[in-house]
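**Student:** sequence and predicted structure are below.
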Amino acid sequence: MEQSTRDRASKAAALFLWAVVIIALGYGVVRTAIQAAALFTG
């Protein structure tokens, strides 16, 4: 019982970390794209 709970917790933590990384990467890409667009449009 306890083992499965710990496994579930570690899986949830791993998923959460992946979500944070993906969101951070997407945010960086969007910000870079906006800055590039601002540069190109002047």
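**Tutor:** Great, that's in hand. Numbers count the residues shown, from 1 in each chain.
**Student:** for residue 3, report the pLDDT, please.
**Tutor:** Looking at residue 3, its pLDDT reads 85.
**Student:** so which strand or helix has it?
**Tutor:** helix 2-41 (DSSP states H and E).
**Student:** that helix: how far from the chain's middle?
**Tutor:** 0 Å (CA atoms, centre = their mean, to the nearest Å).
**Student:** report the buried residues of it.
**Tutor:** Neighbour counts over helix 2-41 (16 or more other CB atoms under 10 Å) mark no residue as buried. Just so you know, the C-beta spots here come from the backbone N, C-alpha and C atoms, and that holds for glycine as well.
**Student:** and the gap between residue 27 and residue 40?
**Tutor:** Between residue 27 and residue 40 the computed distance is 20 Å (CB to CB, to the nearest Å).
**Student:** ok, now residue 23?
**Tutor:** 26 Å.
**Student:** try residue 11
**Tutor:** Taking CB to CB, one finds residue 11 at 43 Å from residue 40.
**Student:** also residue 10?
**Tutor:** 45 Å.
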